[in-house]
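Engineer: okay, predicted coordinates and the sequence, questions at the end:
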Amino acid sequence: MELKWIFIFLLILPNPATATSQCQTHDGNGNVDWAILYKAAGQNNGKIITAASANWQQSPTVITGAGGNSFGKALEHVAVVDQSAKFVAYNNKPPNAVGVQTNSNSKGILIMDPNPPTDSAAWIIHTVPGFPKALQAYAFPAEEIAKGHLFVCLTIKEEQLDVIAHALRIVRPLVYHHDIPATEVNSRPNLKNLLNGDSSVLPPLTISKGIKTAASPGIKATVFSKGEKSGYEMFKRVLSRKLKKDLKVWTTRDTKLKSDCRILGRNIKLITSPISVSGDASTLENDVSQWAVTEPGNIFCAIDKPYHRSQRKEPALAVCIDDATIFARFNDFVTGKNDGRIITSASVAWQQSPAQITVNNGHSFGKALEHVAAVDQSAKFVAYNNKPPNAVGVQTNSNSKGILIMDPRADDSAAWIIHTVPGFPKALQAYAFPAEEIAKGHLFVCLTIKEEQLDVIAHALRIVRPLVYHHDIPATEVNSRPNLKNLLNGDSTVLPPLTISKGIKTAASPGIKATVFSKGEKSGYEMFKKVLSRKLKKDLKVWTTRDTKLKGDCRILGRNIKLITSPISVSGDASTFENDVSQWAVTEPGNIFCAIDKPYHRSQRKEPALAVCIDDATIFARFNDFVTGTDACN
């Protein structure tokens, strides 16, 4: 019997499917050309866009864990040794180091697969100090959860590594780890000098280098880098000048550098805080990311230094990506919302308005104002606004804006629309929402009423003397309502009392009850404390701008005035005092919501003011949800 031997030779090679040296999908389950994650302040995960998913979506798992998310997977072999993934890690505040001093603020990872013939590499740029630890278990710093952070990953060809290293040499980042093989380093002179700490850089001290991602056609990016001896201000002197575009900038700012619009096409415009990162609010006080978008597009820049004068004498680096999708996602944070969130008696939870408020159809208030824009015999109206459309130089102490609309035929159909938008709506002209008001927060309230309520409302309006810029209600309807008649005739003779309250209710059965509080300019009363809190016999939590004189006031039990802390999140849309002109309050305890036409300023003591306070648990709850805190109260 012949014995046969079988020799088995098992060759084990690194598995490229498991080694990670490229950017990853949102859930870390595959390679992508690029990925960007924005972690808003206080969030332990973030919103992410990738080459495979162009809209912001929630990262599937928290950023404090390594599994199931894009950047946890992309950094997998920064934490654990793998022969197919070698890297350079740099950070001005490296992990486990104390007292390190450097003028650089750059943080990132260059990673590659050194095994031929694989051409696989990535550049990860981020804003997190002390992260990631090299060849140690993945650990996101707990103290950084409270801050907003940005992560950018670009999958690149390995030939791009030396180009990036050239730009990095200019800013002299603090390299705290590298394990790239000598053969790979020696073939790349800039990478070699970077890793050897050779900081001898000859002029020019400002450079720009073009790179592109690995896919075909991929996306193009330009790396701008300046040395500390250049003396250049990064945003205006380098980025705006080289890109030949205006910049809208999101970073902290000092007291010295301001917005700068002196040179056409090279403006520096500072983005108003807060922003809403796809529903997650972030403010300059708690967001350490630095980025900008161009105007016009389509460029997004991630910058490693804030907009402070000190960076003129410090190194700085920016990666500017020319891609319409990435630009659009970040530009969405800058522009005001052109739609809104709505609740109605038929839908008691906030929901997105189906259409933009800039168009006249497909949404609640566009339809409600349909016959303010176009003549209809079944809809006649009174329009008032302290800044009427197409008028210049009009002076009035009133701040009231609204529409009273009715069907003058046999039908008993009417509505009162209260809003905060100057110059809107135009009467019997095409619907046009003022473009300059998109950047601001506004409030619209519509109450369907019985026609008998019109004269009650007109009485309250007479006290505040709004500027009526249009009415076409038939004389027979006007003459049967003495207060409406006096309002439309401009009769402002009002006898005391100079402060009134009138109860109204909506048309449905049982409907909801509301009280209209109105005070004349000669009353001398402060609207919030002396009228609303006193009459309602409740504390008020107030959302309006405030001056330097009126403060929170908690001296009288049950009549406190508590100022709501800015910003608020309007069902995911961030709003702040700087860009919100609505004025409203909720009571404590509930269930009353008030829309007020004057802000919490001392000047309103000598001005007319009107408030509509609605007693409804649902409406109260939706607005009370916005209140996450109140300022200190004396």
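Structural biologist: Perfect, I can see it now.
Engineer: what's stretch 43-60 in contact with?
Structural biologist: 23-27, 30, 32-40, 61-64, 68-70, 145, 149, 151, 213, 215, 277-280, 325-326, 329 (C-beta atoms under 8 Å, 6 or more residues apart in numbering). C-betas here are computed from N, CA, C, even on glycine.
Engineer: next, the buried residues of it.
Structural biologist: Residues of stretch 43-60 classed as buried by neighbour count (16 or more other C-beta atoms under 10 Å): Q43, N45, G46, K47, I48, I49, T50, A51, W56, S59, P60.
Engineer: now swap in stretch 90-97 and tell me
Structural biologist: Counting neighbours by 16+ other C-beta under 10 Å, the buried set in stretch 90-97 is Y90, N91, N92, K93, P94, P95.
Engineer: quick one: pLDDT of the third one?
Structural biologist: Read it as N92. We have a pLDDT of 93 for N92.
Engineer: so what's it up against?
Structural biologist: With C-beta under 8 Å, 6+ apart, N92 has these contacts: V100, T102, S104, N105, S106, K107, P129, P173, L174.
Engineer: try the fourth one
Structural biologist: The neighbours of K93, taking C-beta under 8 Å, 6+ apart as the test, are V100, P129, G130.
Engineer: that one and G130, how far apart?
Structural biologist: From K93 across to G130, the span is 6 Å (C-beta to C-beta, to the nearest Å).
Engineer: run a quick neighbour tally on K256.
Structural biologist: As a burial measure, K256 scores 9 neighbours (other C-beta atoms under 10 Å).
Engineer: now it. Nearest residue, chain neighbours left out?
Structural biologist: Nearest in space to K256, with sequence neighbours left out and distances taken as C-beta to C-beta, 6 or more residues apart in numbering, is R309 at 4.4 Å.
Engineer: distance of that neighbour from S518?
Structural biologist: Distance from R309 to S518, by C-beta to C-beta: 50 Å.
Engineer: ok, these two, which is more surrounded?
Structural biologist: Relative neighbour count places S518 above the other of R309 and S518, with 27 against 12, counting by other C-beta under 10 Å.
Engineer: can you show me the helices along the stretch 1-150 of the chain?
Structural biologist: 70-74, 76-79 (DSSP state H, counting those that start in this stretch).
Engineer: closest one to D625 among those helices?
Structural biologist: Closest to D625 of the helices of the stretch 1-150 of the chain is helix 70-74 (C-beta to C-beta; 31.1 Å).
Engineer: export the closest one as PDB, just CAs?
Structural biologist: Output of helix 70-74 as PDB, limited to C-alpha atoms (Å, rounded to 0.1, in the frame of the first residue of the first chain):
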ATOM      1  CA  SER A  70     -18.400  56.100  10.400                       C
ATOM      2  CA  PHE A  71     -15.500  57.700  12.300                       C
ATOM      3  CA  GLY A  72     -15.200  54.900  14.800                       C
ATOM      4  CA  LYS A  73     -14.700  52.500  12.000                       C
ATOM      5  CA  ALA A  74     -12.300  54.800  10.100                       C
END
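Engineer: quick check: mean pLDDT across it?
Structural biologist: Mean predicted confidence for helix 70-74 is 94.
Engineer: low-confidence stretches in the stretch 351-500 of the chain?
Structural biologist: 492-495 (pLDDT under 70).
Engineer: just the helices in it please.
Structural biologist: Using DSSP H, counting those that start in this stretch, helices in the stretch 351-500 of the chain cover 364-368, 370-373, 453-464, 475-479, 482-488.
Engineer: out of these, which is the most enclosed?
Structural biologist: helix 453-464 (a mean of 22; mean count of other C-beta atoms under 10 Å).
Engineer: helices or strands next to it in the packing?
Structural biologist: strand 401-406, strand 414-419, helix 482-488, strand 499-505, strand 513-519, strand 609-615 (3 or more C-beta pairs under 8 Å, 6 or more residues apart in numbering; DSSP states H and E).
Engineer: what sits up against that helix?
Structural biologist: Outside helix 453-464, the residues that reach it (C-beta under 8 Å, 6+ apart) are 384, 398, 400, 404, 406, 414, 416, 449, 481-484, 486-487, 491-492, 494, 498-500, 502-505, 516-520, 597, 608-610.
Engineer: list only buried entries from the residues you listed.
Structural biologist: Neighbour counting over those (16+ other C-beta under 10 Å) leaves 384, 398, 400, 404, 406, 414, 416, 449, 481, 483-484, 486-487, 494, 498-500, 502, 504-505, 516-520, 597, 608-610 as the buried ones.
Engineer: measure the closest residue to W123 other than its chain neighbours to V32 for me?
Structural biologist: Excluding its sequence neighbours, the residue lying closest to W123 (C-beta to C-beta, 6+ apart) is L154, at 5.0 Å. Distance of L154 to V32, computed by C-beta to C-beta: 10 Å.
Engineer: overlap in contacts of these two?
Structural biologist: C23.
Engineer: please say which of those two ends up with more neighbours.
Structural biologist: L154 (26 against 20).
Engineer: beta-bridge partners for that one, please?
Structural biologist: W34, W123 (DSSP bridges).
Engineer: equivalent analysis for I592, please.
Structural biologist: D615.
Engineer: and the helices of the stretch 351-500 of the chain as CSV, adding distance to K541?
Structural biologist: Conversion of the helices of the stretch 351-500 of the chain to CSV gives the following (distance: least, C-beta to C-beta, whole Å):
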stretch, distance to K541
helix 364-368, 26
helix 370-373, 33
helix 453-464, 24
helix 475-479, 39
helix 482-488, 32
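Engineer: nearest to I438 among the ones you listed would be which one?
Structural biologist: helix 364-368 (14.7 Å).
Engineer: who touches that closest one?
Structural biologist: Against helix 364-368 from outside (C-beta under 8 Å, 6+ apart): 342, 344, 353, 355, 357, 359-361, 405, 415, 417, 431, 444, 446.
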